[in-house]
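J.: whatever this is, show me its structure:
(one chain, ligands or ions: 1)
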Amino acid sequence: MDTSPLIYLIIYLLYYLILRKFKFEFFNLILNKKGSMGKCSHCGTFGHNYVKCPQLTREQVLEIKKKKKEEKEKKLEAKKKKLEEKEKMKMSDFTIHNNNDYEIAVYWGFNTSDLLTRLQYIPAFESKVSRIRKSCHRIVAFPSLEVISGNSNDAESSLTYAQNTDQYIVAFDFYMKDFPDSSVELHLPYQPKKTEIDEWKEYGLKSHYLLKEIEKLTSIKKDGNVIVHKKYENIETFIDMIQDISMPNNCSDVDKERAGIPSILTNIT
Ligand SMILES: [Zn+2]
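T.: Prediction:
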C-alpha cells in the first residue's frame, strides 16, 4: 500500500495545527518589524493589543483604557512631585550688605513658624553670606541692640517674632520664597530705644569718655601713674581726679554702644 498520501496528510495536519497554534507568534517572528503589533497585554497573544482582544468586551476595554490613563497620570504626578521636592531642598547663597554704622544680628526660621534662631552677626559696613532654602526659610535682620540678651553682649540665640508686629525694629524680614534677589543692601537709620536709666548711663559714659580723652591728650602714663605735661600744670588737679572716677563693674559693651561711645560692637577703638 502506498503510504505517501497518508504521510502527506499527517504532515499537513501537523503543519496546520502548529500554524494555528502559533499563528500570531509565527507571523510576528517573520514580520516583526518596527511598528508591527506586539503582544496583547490581556491574553498574551501576538498580533493584537488589548483594544482588539477577542476575549474582552467593549466595556472591559474602556475600563482598562481608563485604568491605564489613570496610572499614567499618577506616574507623571509622582515625577512632578519628586522634581518639586528636589527644587525645594536646593540651598542657595544670600548676601546681606550691612550699610549701617551698627551691628546687625541675622536670624533664620521657617515660613510656618514665628520662632527664629540666630544665624550670624554682620558688623557695621560689612557683608556676609548665608546659605538658605528659598522655598521654606524666613530671614530676619535686627539691629543687634534690639535683641540683646539680658546684660550680656550677645543677641538672643533664639526668639519668637511675628512678622509686621512692632515688637522690634527690623532691618530686613522676608519669607525668602517671596524675595526675588540673591542679595540685599540694608540702610536703616536706627536709634536704640532708651529707658531713663539708659539716658543716665549715656550721660555718665559720654562725660567720662570725654574726660578720658582729655586725660590722654594732656598727660602720659608711667608705671601706672598719670604724669601731666608741664604746659597743663594749671589744670593738673582736675586731670589727676579723672583716674579716681571708677566705672561700675557691670558696665557692658552694650551700655557703651547704647551711649554712643566706642565699644566692641562698633569695633571703633
Ligand atoms: Zn488578547
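
J.: quick check: the gap between the residue in the stretch 51-200 of the chain that the ion sits nearest to and residue 251.
T.: Closest residue of the stretch 51-200 of the chain to the ion, CB to the ion: residue 53 (3.0 Å). Where C-beta positions appear, they are placed from N, C-alpha and C, glycine not excepted. For residue 53, the distance to residue 251 (CB to CB, to the nearest Å) stands at 91 Å.

J.: could you do residue 64 as well?
T.: For residue 64 relative to residue 251 (CB to CB), the value is 83 Å.

J.: only the buried residues of the longest helix seen in the chain, if you could.
T.: The residue-count maximum for a helix in the chain (DSSP state H) belongs to helix 58-88. By neighbour count on 16 or more other CB atoms under 10 Å, the buried set for helix 58-88 is 61, 64.

J.: residue boundaries of the helices in the stretch 51-200 of the chain?
T.: Here the stretch 51-200 of the chain has its helices, by DSSP state H, counting those that start in this stretch, at 58-88, 196-218.

J.: save these as a markdown table, and put in distance to residue 150 and mean pLDDT too.
T.: Shown next, in a markdown table, are the helices of the stretch 51-200 of the chain (distance: least, CB to CB, whole Å; pLDDT from 0 to 100):
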| stretch | distance to residue 150 | mean pLDDT |
| --- | --- | --- |
| helix 58-88 | 37 | 92 |
| helix 196-218 | 15 | 93 |
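
J.: residue 110 against residue 137, yeah?
T.: Yes. The criterion here is CB atoms under 8 Å, and residue 110 meets it with residue 137 at 6.6 Å.

J.: more crowded one of the two?
T.: Using other CB atoms under 10 Å as the criterion, residue 110 and residue 137 rank with residue 137 on top: 22 against 14.

J.: just list the residues touching the more buried one, thanks.
T.: 108, 109, 110, 111, 175, 176 (CB atoms under 8 Å, 6 or more residues apart in numbering).

J.: same check on residue 127?
T.: Here residue 127 is in contact with 95, 96, 97, 98 (CB under 8 Å, 6+ apart).

J.: before we move on, what about residue 155?
T.: Contacts of residue 155 by CB under 8 Å, 6+ apart are 105, 118, 121, 142, 144, 147, 148, 149.

J.: I only care about the residues you listed that end up buried; give me the ChimeraX line for that.
T.: Provided next is the ChimeraX selection string for whichever of these are buried by 16+ other CB under 10 Å:
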select :105,118,121,142,144,147,148
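
J.: between the contacts of residue 155, which sits nearest residue 158?
T.: Residue 158 lies nearest to residue 118 out of the contacts of residue 155, by CB to CB, at 6.7 Å.

J.: ok, what's across the strand from the closest one?
T.: In this entry, residue 118 is beta-bridged to residue 107, by DSSP bridges.

J.: enumerate every residue touching it.
T.: Here residue 118 is in contact with 105, 106, 107, 155, 156, 157, 158 (CB under 8 Å, 6+ apart).

J.: quick one: which of the contacts of residue 137 is most hemmed in?
T.: residue 109 (22 neighbours).

J.: what pLDDT does the model give that one?
T.: Per-residue pLDDT puts residue 109 at 96.

J.: that one reaches residue 138, doesn't it?
T.: Yes. Using CB under 8 Å, residue 109 is in contact with residue 138, at 4.7 Å.

J.: so which of the contacts of residue 127 is the closest to residue 237?
T.: residue 98 (45.3 Å).
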